[in-house]
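Participant: Next comes the sequence, and after it the predicted model I'd like to discuss.
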Amino acid sequence: MAKIERVVFVPYARGRRGGLTAGAPVPCRDAAEGERRAEKAMAAGSVVGAHVVQISADEALGDYDDPVYLSSYGVVPEAQ
């Protein structure tokens, strides 16, 4: 199977002790949709931060490339 590229929106909220907690990644059709979702969540105040991330993988082989952080909003953990 060939490599596929996926884009996800990852929301962040404040945890009980004030640290950041990542929410479930939300699959998006493309980077533009991911950015719209992040901007909408930030405007609504439902998250303190968000990443839009592109992931390339050959899922059949379990071969995943390093994620590419396309954009960041608000308070997010430092990308490695």
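Facilitator: Sure, I can see it.
Participant: just the helices in this protein please.
Facilitator: 31-44 (DSSP state H).
Participant: So, low pLDDT: which residues of it?
Facilitator: For the chain, the stretches flagged by pLDDT under 70 are 1, 79-80.
Participant: Okay, strands next: where are they in it?
Facilitator: Per DSSP state E, the chain carries strands over the ranges 4-14, 20-22, 26-28, 49-58, 63-64, 68-74.
Participant: Please name the bridge partners of the residue nearest to P67 when sequence neighbours are not counted.
Facilitator: Closest residue to P67 apart from its sequence neighbours, by CB to CB, 6 or more residues apart in numbering: V53 at 4.8 Å. Glycine gets a C-beta too; all of them are placed from N, C-alpha and C. Beta-bridge pairing of V53 under DSSP bridges involves V8, Y69.
Participant: before we move on, back to that, please name whichever of the strands of the chain is nearest to A43.
Facilitator: Among the strands of the chain, strand 68-74 comes nearest to A43, with 9.9 Å by CB to CB.
Participant: From the contact counts, what lies against the closest one?
Facilitator: With contacts defined as 3 or more CB pairs under 8 Å, 6 or more residues apart in numbering; DSSP states H and E, strand 68-74 has these neighbours: helix 31-44, strand 49-58.
Participant: Among the ones you listed, which comes closest to Y12?
Facilitator: So among those, strand 49-58 is nearest, using CB to CB, at 4.2 Å.
Participant: D63: how many residues sit nearby?
Facilitator: 11 (other CB atoms under 10 Å).
Participant: ok, V52 touching R6?
Facilitator: No. Counting by CB atoms under 8 Å, V52 does not reach R6; the two are 11.5 Å apart.
Participant: what's the closest non-adjacent residue to S71?
Facilitator: Nearest-residue entry for S71: V52, 4.6 Å, with adjacent residues in sequence omitted and distances by CB to CB, 6+ apart.
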